[in-house]
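1. I would like to see how this sequence folds:
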Amino acid sequence: MKTNIKNGLTISSLIAFGLLAGCSDDSSSVQSPATGDSGTDSAEATANICNADGYTGFYAADGATIMCLDANGSLAFWINPDGTIGTPVEEVPASSAATDIPQDPGTTPLPPEDAPVIPSSASTTCDAGTATFLYKLANVSYYRDTDGATFFFDSDCNKQFLTEIVVSSSSEATIEVASSSSTTGDNPYKPTSSAGTETSSASVVPVVEPSNGNTPVITYAASGASVANNNNCVEVNGGEVVITCAGDYDFSGSYTGNDAQIRVYSPKSDSGVYLNLRGLTLTNNADAVIYVQMASKVFVVAKAGTENTLSDASTRTKAFTYVNANGETKVDTTGACIYAKDDLTIKGEGSLTVKGNYNNGIHTSNDLRFRGETTVNVTAKNNGLKGKGLVDIEKGTITVKATSGDGIKSDEYAVNGNDTVIVEGKGIVSITGGTIDITAGDDGIQAFNNIIFDAGTVKVNASNDGIHSEQNVQMNGGTISVTAGDDGIHADSALHLAGSTVNVEKAVEGMEAFYIFAEGGITATYGTDDGWNAAGGSADPGTSSGSQWGGFGGGGMQSSSKGYIVITGGYHYISASGNDIDVLDANGTAKQSGGVVIVEIPASSGGMGGGSRPGQSGSSGSCSTNMAGGLIDTDNGFTITGGVFLGFGSQTEEYPNCTATSYTAGTAYGSASAAFAPKGSGSMILYGGSVTSVAQVNTSGMQTVEFPNGLKYYYK
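-> Numbering: from 1, shown residues only. Just a heads-up that it's a prediction; the model follows:
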């Protein structure tokens with residue numbers, strides 16, 4: 001299983017080498033040492049990165065150390081990331097360790113794009129077969145294959161073949177190889193002048209992106225595609241390119257036609273296919289642009305400094321027949337601009353624009369991952385991003401516009417009789433980083449199993465639900481803002497507010513779930529019906545599942561469903577205004593033992609519960625109550641044993657404590673240790689937990705927690 005690792009120098013190692021001119025990992029043409037074809041004048045031959053005749057430079061396993069091999073492939077010396085030179089008779093400096101990425105003070109380390117993490121035991125536990133052991137550097141063993149290529153093993157025991165460093169003397173990007181002042185003792189590889197005498201200054205060597213000169217290069221032009229360095233795994237027919245085995249493949253150029261397609265049909269036993277986009281514009285007038293029929297996994301890599309645009313046809317007329325990994329004959333029609341039957345990863349540091357004119361933008365029947373600092377812009381007629389098994393976003397700047405479907409979707413499940421059941425690890429959307437902006441004609445983010453937020457920034461504007469899971473939503477971290485035509489955040493089972501900063505700017509139901517567990521984080525919610533609504537299932541004790549929705553969605557009169565709110569931590573502002581509203585609504589019970597909860601009806605709304613819903617009104621302690629909601633509406637009670645609770649409005653079904661105190665917008669009310677300045681004005685303040693009485697508060701000297709909508713909670 002061959003995988004050619006194509007690493008650029010890290011930022012820190014370029015600085016350590018003395019970067020004399022700016023460059024990106026894709027700023028220069030790649031020269032093939034086998035053909036000498038670099039697109040430049042033949043007189044501009046390759047320079048020698050090892051700065052000594054007869055030696056060839058290769059990147060070591062860390063992607064930063066340069067190994068200089070002699071004509072026999074033996075290690076002669078190496079250049080460490082800090083510029084020092086080591087030889088096989090010397091102890092390897094710690095800076096050249098494979099898992100140690102050097103960094104400059106005060107900066108975040110930037111590892112090479114494809115650099116694997118190599119445990120020290122990887123090479124000793126993998127079967128090298130008939131390969132010859134060569135040497136060991138930084139606790140990584142290197143071998144020579146039967147065809148003469150040098151490789152090491154990654155942590156999965158896949159062979160990783162060394163990447164030759166090819167440089168052009170015409171490149172503006174240069175690095176400075178360390179002079180004798182950076183080493184101790186005599187250095188036989190010290191740069192010399194053209195007269196053969198030693199120089200006291202460093203030698204300047206131009207650099208382009210490291211690349212395997214044998215990588216197939218596919219170039220598109222008006223007549224279609226052409227291929228150089230064909231590894232017998234590239235088939236070209238006009239604008240159609242078929243990849244039939246694992247490895248790296250470079251694509252560039254521009255082409256429009258009915259056959260403008262990159263199709264991957266590679267054995268699933270292979271290690272993986274890398275489609276490296278180096279400035280590619282493809283428009284298919286009849287089908288998908290990238291179509292993965294079969295592969296173990298495929299990487300679409302937008303190389304740094306490049307812009308790549310893919311557009312598919314608005315109709316489909318072709319069906320593809322192929323044999324899958326199980327030997328079954330399949331007939332398939334593509335359903336997206338980038339359409340994959342197997343795992344697909346988007347990465348790189350360039351930009352990728354995808355226009356899904358037929359159905360989805362990017363679609364895979366398995367797992368869809370985003371791993372690079374890629375700028376991705378997707379427009380789609382239906383769903384923007386769909387990973388049926390999983391959508392996993394780790395980083396990148398991603399903009400999705402889905403005309404009639406979901407922005408991001410994962411919907412895999414199994415069927416057991418008449419029931420749909422969870423497939424472990426599938427039907428999940430997981431966001432652990434990146435900046436994501438979604439505009440959707442249906443749901444912003446939709447999953448069958450679980451939606452998980454751990455980090456990153458997410459903005460959703462959806463015509464239906466902003467975030468919807470048919471099971472659970474877990475909000476552990478990150479910053480999320482939602483504007484929705486229906487529910488802001490909806491979980492058929494459990495919604496966990498555990499650490500995210502969440503702003504539901506506008507929705508009908510702000511947050512809705514069978515269970516709402518408020519455990520941490522900072523949230524602000526605004527709804528035109530309910531702020532928080534715990535509802536679902538059936539009131540029948542024998543059918544209390546959270547997957548069967550029923551009853552009056554807003555609560556009020558005794559509903560025919562159940563729902564529970566449990567508050568133990570975090571800071572939560574909940575509001576609603578309009579007709580027929582409840583700010584905090586549970587069709588079962590609500591309990592608070594910790595955290596801070598502020599509920600408010602920020603705008604004047606006449607009638608009971610802020611609307612005209614029928615109910616029985618009354619009063620207690622000069623506070624107006626009714627049987628139809630308002631600030632608090634539960635079927636079986638709201639108990640507070642700890643934390644801070646403050647409510648501002650004019651109507652409520654129930655309350656922990658209440659005072660008929662008129663309040664004014666922007667003025668703080670509460671106690672000396674916990675206060676809030678409401679957005680609107682009213683005549684009734686609710687309180688509970690550690691707040692035992694309320695009055696106007698001078699907040700001078702108090703600390704603040706700012707909700708994501710800009711309102712502040714004051715405390716001591």
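2. show me the chain divided up by domain.
-> As assigned by automatic domain parsing, the chain contains the domains 1-214, 516-716.
3. pick out the shakiest of those, pLDDT-wise.
-> Ranked by mean pLDDT, the domains of the chain bottom out at domain 1-214, with a mean of 52.
4. who's in contact with the spatially closest residue to residue 441 that is not a sequence neighbour?
-> The shortest distance from residue 441 to any residue other than its chain neighbours is 4.2 Å, reached at residue 404 (CB to CB, 6 or more residues apart in numbering). C-beta: built from backbone N, CA, C; applies to glycine. With contacts defined as CB atoms under 8 Å, 6 or more residues apart in numbering, the neighbours of residue 404 are 381, 382, 441, 442.
5. quick check, nearest of these to residue 324?
-> Nearest to residue 324 among the contacts of residue 404: residue 382, at 24.8 Å, using CB to CB.
6. so the closest one sits against residue 359, correct?
-> Yes - contact criterion CB atoms under 8 Å: residue 382 and residue 359 qualify, at 4.7 Å.
7. would you map the strands across the stretch 401-550 of the chain?
-> Along the stretch 401-550 of the chain, counting by DSSP state E, counting those that start in this stretch, strands occupy 408-410, 414-416, 419-421, 428-440, 445-447, 450-462, 467-469, 472-475, 479-484, 489-506, 509-527, 530-534.
8. nearest to residue 710, of those strands?
-> Residue 710 lies closest to strand 509-527 among those, at 8.5 Å (CB to CB).
9. list the strands paired with the closest one, with their directions.
-> Within its sheet, and counting by DSSP bridges, strand 509-527 is paired with strand 489-506 (parallel), strand 530-534 (parallel), strand 564-567 (parallel), strand 571-576 (parallel).
10. the inter-axis angle of it versus strand 450-462?
-> 50 degrees (axes from the mean of the first three to the mean of the last three CA atoms, to 10 degrees).
11. redo the strands paired with strand 509-527 as CSV? Include mean neighbour count.
-> Shown next, in CSV, are the strands paired with strand 509-527 (neighbours: other CB atoms under 10 Å):
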stretch, mean neighbour count
strand 489-506, 23
strand 530-534, 30
strand 564-567, 23
strand 571-576, 28
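12. show me the contacts for residue 446.
-> By CB under 8 Å, 6+ apart, the residues touching residue 446 are 406, 408, 409, 410, 411, 429, 465, 468, 469.
13. would you mind measuring from it to residue 385?
-> 11 Å (CB to CB, to the nearest Å).
14. overlap of the contact sets of these two?
-> Residues within reach of residue 446 and of residue 385 at once, by CB under 8 Å, 6+ apart, are 408, 409.
15. ok, which of the strands paired with strand 509-527 comes nearest residue 224?
-> Set against residue 224 and scored by CB to CB, the strands paired with strand 509-527 come closest in strand 489-506, at 48.1 Å.
16. what's the average pLDDT for that closest one?
-> What strand 489-506 shows for mean pLDDT is 97.
17. alpha carbons of that strand, in CSV - could you do that?
-> Extracted in CSV, the C-alpha atoms of strand 489-506 (Å, rounded to 0.1, in the frame of the first residue of the first chain):
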residue,chain,number,x,y,z
ILE,A,489,-32.5,23.7,18.5
HIS,A,490,-34.6,20.5,18.6
ALA,A,491,-33.7,17.1,20.0
ASP,A,492,-36.4,14.4,19.9
SER,A,493,-34.7,12.8,22.9
ALA,A,494,-32.2,14.9,25.0
LEU,A,495,-30.6,18.3,24.6
HIS,A,496,-27.5,18.8,26.7
LEU,A,497,-26.4,22.4,27.2
ALA,A,498,-23.0,21.5,28.7
GLY,A,499,-20.4,24.2,27.6
SER,A,500,-21.3,25.9,24.4
THR,A,501,-22.0,29.6,23.9
VAL,A,502,-25.4,29.5,22.2
ASN,A,503,-27.5,32.4,20.8
VAL,A,504,-30.9,31.4,19.4
GLU,A,505,-31.6,34.8,18.0
LYS,A,506,-35.1,34.1,16.7
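18. tally of neighbours for the residue lying closest to residue 715 once chain neighbours are set aside?
-> In space, and not counting its chain neighbours, residue 715 is closest to residue 674: 5.3 Å by CB to CB, 6+ apart. Neighbours of residue 674 under the rule other CB atoms under 10 Å: 23.
19. for residue 674, which residues are in contact?
-> Residue 674 makes contact with 596, 644, 646, 690, 691, 713, 714, 715, 716 under the criterion CB under 8 Å, 6+ apart.
20. just send the residues you listed back as CSV, with secondary structure, distance to residue 437 and neighbour count too.
-> Formatted as CSV, the contacts of residue 674 follow (DSSP: H, G, I helix; E, B strand; the rest coil; distance: CB to CB, whole Å; neighbours: other CB atoms under 10 Å):
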residue, secondary structure, distance to residue 437, neighbour count
596, strand, 30, 26
644, strand, 34, 25
646, strand, 34, 25
690, coil, 39, 16
691, coil, 39, 23
713, strand, 28, 24
714, strand, 33, 21
715, strand, 33, 20
716, coil, 38, 11
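21. taking these, tell me the two that lie furthest apart.
-> Maximum pairwise distance in the contacts of residue 674, criterion CB to CB, is 14.9 Å, between 646 and 716.
22. hey, what's residue 408 bridged with?
-> Listed beta-bridge partners, residue 408: residue 385, residue 445 (assigned using DSSP bridges).
23. give the contact list for it.
-> 383, 384, 385, 386, 391, 400, 429, 436, 438, 444, 445, 446.
24. and the residues you listed, which is closest to residue 242?
-> Nearest to residue 242 among these is residue 386, at 24.1 Å by CB to CB.
25. can you pull the contacts of the closest residue in space to residue 575 that isn't next to it in sequence?
-> Leaving aside its sequence neighbours, residue 575 sits nearest to residue 600 (CB to CB, 6+ apart; 4.6 Å). Neighbouring residues of residue 600 by CB under 8 Å, 6+ apart: 573, 574, 575, 583, 631, 647, 648, 649, 678, 679, 680.
26. quick check: phi and psi on the fourth one?
-> This means residue 583. When read as degrees, to the nearest 10, the backbone of residue 583 gives phi -80, psi -50.
27. how far away is it from residue 222?
-> Per CB to CB, residue 583 is found 63 Å from residue 222.
28. more neighbours, these two?
-> Comparing residue 583 with residue 222 by other CB under 10 Å, the one with more neighbours is residue 583, at 32 against 9.
29. got the contact list for the more buried one?
-> Counting by CB under 8 Å, 6+ apart, residue 583 has contacts 530-532, 574-576, 599-601, 630-632, 647, 649.
30. before we move on, what about residue 584?
-> If you count contacts by CB under 8 Å, 6+ apart, residue 584 has them with 531, 532, 565, 574, 590, 597, 599, 631, 632, 633, 634, 638.
31. residues in contact with the fourth one?
-> Just to be clear, that refers to residue 574. Residue 574 touches 510, 525, 531, 532, 583, 584, 597, 598, 599, 600, counting by CB under 8 Å, 6+ apart.
32. wait, the third one sits on residue 578?
-> Looking back up the chat, that one is residue 531. No - with contact defined as CB under 8 Å, residue 531 does not count as touching residue 578 (11.2 Å).
33. touching, residue 362 and residue 384? I think so.
-> Yes - at 7.5 Å, residue 362 and residue 384 qualify as touching, with contact defined as CB under 8 Å.
34. so what sits against both of those two?
-> The contact sets of residue 362 and residue 384 overlap at 356, 378 (CB under 8 Å, 6+ apart).
35. if anything else comes up later, I'll come back, but that's it for now.
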